[in-house]
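**Student:** Need coordinates for the following:
(4 chains)
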Number of protein chains: 2
Amino acid sequence: MSIALRLHDAIEQDIATGVLAPGMRLDEMMLAGRYQVSRTPVREALRQLAATGMVEIRLRRGAVVATLGPNQLYEMFEVMAELEAMCGRLAARRATATTRSGLLAAHEACRKAIADPDDYYAANETFHQSIYRMAGSVFLMEQSLALQKRLRPYRRLQLRVGTRVSRSCEEHEVIVQAIARGDGAGAAEALRDHVVVQGERFADLVASLSELKVAELNAA
Amino acid sequence: MSIALRLHDAIEQDIATGVLAPGMRLDEMMLAGRYQVSRTPVREALRQLAATGMVEIRLRRGAVVATLGPNQLYEMFEVMAELEAMCGRLAARRATATTRSGLLAAHEACRKAIADPDDYYAANETFHQSIYRMAGSVFLMEQSLALQKRLRPYRRLQLRVGTRVSRSCEEHEVIVQAIARGDGAGAAEALRDHVVVQGERFADLVASLSELKVAELNAA
DNA sequence: ATCAAATGTCTTGTATACAAAGACAAACAG
DNA sequence: CTGTTTGTCTTTGTATACAAGACATTTGAT
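**Tutor:** Residues are numbered from 1 along each chain as shown, chains lettered A, B, ... in the order given. Here you go, the predicted model:
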């Protein structure tokens, strides 16, 4: 494994966990110092992250953690919903014994983690990933995982709001049942509604966004 | 504009047009020589291309133009179909006077280019892009454009087959009408069927793939 | 004669050095 | 006092030098 790849993962995780907040400058020297490597692999890692959209590089003005406005976030969730709906539709048709039990296990894990938002956050990701896998399309899975990764820093904040967790788990139940009875259209619709950000949830999203803004200003 | 970006575009175009065929090795020195630059920007360009999936980089074994097997291609067209269907659904709802006339103009251009496969190839891309734009989602448009780019080297060969061109143009007509009457579901379905590779078209795809294989062997 | 091991060359991965471009600040002029 | 201009400083973009791994070829031994 190359140094650049290790850096890529490290920086990506720091962005996902909020150590590197959106809008924060990513000074090459600073990162090189922090991870005890030269500038070259840092640059390569930043380029790769830029290609996936996690960071933004402006010519001769350095790199910053990508900042997503409400519009962009809404659009991304909209696409995510469609991708997941597609996964669900295919999963209902292409389910195998292995993937089926994987989904049930992930669903059970979610129910067990319902008390703690952090635990649920992790279990929820696994649940969705088990649906990606079920769809039986490597490319679709990759795309879904990439977008899931990219939205990670924003989804984190969302789950802290009110009764979101228990609601989410109930929706999972509907999804699981639709897939179980081979109802592709039903699974697609349930997943679309589950993922898309509509109505009051959009307000929550904007609210959590301004929280990020504050953190960002503190850092600067 | 940086040298690396220019190289990125140049190499991308060479891949799209078949100058650099799938499977071909991309020696850094060779490319540096060909474009009269140093190795560094070549490396950066290759990394970016790797991030978008156009080239594949194996650790200490260099870069090659990404080779897509029949499975992968089928999966990618499947996702592309879904993305375009989504574009169509949104386009039918969010159409404006500007985007509407853009679509009609692109459709007309396709009809004029029906005689020559190369002209039609270009006009067809513009037609689809005008639908992406119509959907009114920057992110969705970016995703669609990226996938369109990535499939470019494979779609080229496809249009040479038989009566594909005139068939394609008729399908465009159906799509345009569905969007015009605000029928989101109809537009989505028409686009899905238009893009997805099914039945005999899959055989055509595999056939064109083996053509590529031959070209690749000749190059090596 | 054939197979295996070792060496040499080729290519990539990493580091450092150098140049150019922007941003910020200070000083001078109106 | 304010605005503009110039100079310096910071930071990125590019090039070159160095190191390490992989592959091929050749040679020696069985």
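
**Student:** average model confidence for stretch A:164-176?
**Tutor:** For stretch A:164-176, the per-residue pLDDT values average out at 93.

**Student:** swap that for stretch A:187-200, please
**Tutor:** Summarised as a single mean, pLDDT over stretch A:187-200 is 89.

**Student:** Likewise for stretch A:138-155?
**Tutor:** Per-residue pLDDT over stretch A:138-155 has a mean of 93.

**Student:** That one: which residues count as buried?
**Tutor:** Counting neighbours by 16 or more other C-beta atoms under 10 Å in any protein chain shown, one finds that the buried residues in stretch A:138-155 are A:139-141, A:143-144, A:147-155. Every residue, glycine included, has its C-beta placed from N, CA and C.

**Student:** cool, and stretch A:43-59?
**Tutor:** Buried residues in stretch A:43-59, defined by neighbour count with 16+ other C-beta under 10 Å: A:43-57.

**Student:** and which of the buried residues of stretch A:138-155 is nearest residue A:182?
**Tutor:** Ranked by distance to residue A:182 (C-beta to C-beta), the buried residues of stretch A:138-155 are led by residue A:140 at 18.7 Å.

**Student:** Give me the distance between the host helix or strand of the closest one and the centre of its chain.
**Tutor:** Counting by DSSP states H and E, the element that carries residue A:140 is helix A:138-158. Mean C-alpha position of helix A:138-158 versus that of the full chain (C-alpha atoms, centre = their mean, to the nearest Å) differs by 3 Å.

**Student:** do stretch A:179-197 as well
**Tutor:** Relative to its parent chain, stretch A:179-197 has a centroid offset of 18 Å by C-alpha atoms, centre = their mean.

**Student:** what stretches of chain A score poorly on pLDDT?
**Tutor:** Confidence mapping of chain A against pLDDT under 70 gives the ranges A:157, A:159-162, A:199, A:210-220.

**Student:** mind giving me the domain split of it?
**Tutor:** Residue ranges for the structural domains of chain A, counted by automatic domain parsing, are given in the record as A:3-67, A:70-212.

**Student:** For chain A, which segments are assigned as strands?
**Tutor:** Under the criterion DSSP state E, chain A carries strands at the ranges A:25-26, A:55-58, A:62-65.

**Student:** Quickly run through the sheet partners of the second one, with directions.
**Tutor:** Strand A:55-58 has its sheet partners listed here by DSSP bridges as strand A:62-65 (antiparallel).

**Student:** and the partner strand, anywhere near DNA strand C?
**Tutor:** No. Counting by C-beta under 7 Å from any atom of the strand, no contacts exist between strand A:62-65 and DNA strand C, the nearest distance being 9.0 Å.

**Student:** residues of that strand that come out buried?
**Tutor:** A:63, A:64, A:65.

**Student:** Would you mind checking which of those residues is nearest to DNA strand C?
**Tutor:** Within the buried residues of strand A:62-65, proximity to DNA strand C (C-beta to the nearest atom of the strand) peaks at residue A:64, which comes in at 12.6 Å.

**Student:** Next up, the contacts around the residue nearest in space to the middle of chain A.
**Tutor:** When chain A is reduced to its mean C-alpha position, the nearest residue by C-alpha atoms, centre = their mean turns out to be residue A:148, at 2.8 Å. Contact criterion C-beta atoms under 8 Å, 6 or more residues apart in numbering or on different chains gives A:80, A:125, A:128, A:129 as the residues in contact with residue A:148.

**Student:** Residue A:171 too?
**Tutor:** For residue A:171, the contact set (C-beta under 8 Å, 6+ apart) comprises A:190, A:193, A:194.

**Student:** need the longest helix for chain A.
**Tutor:** The helix of greatest length in chain A, counted in residues with DSSP state H as the criterion, is given as helix A:70-94.
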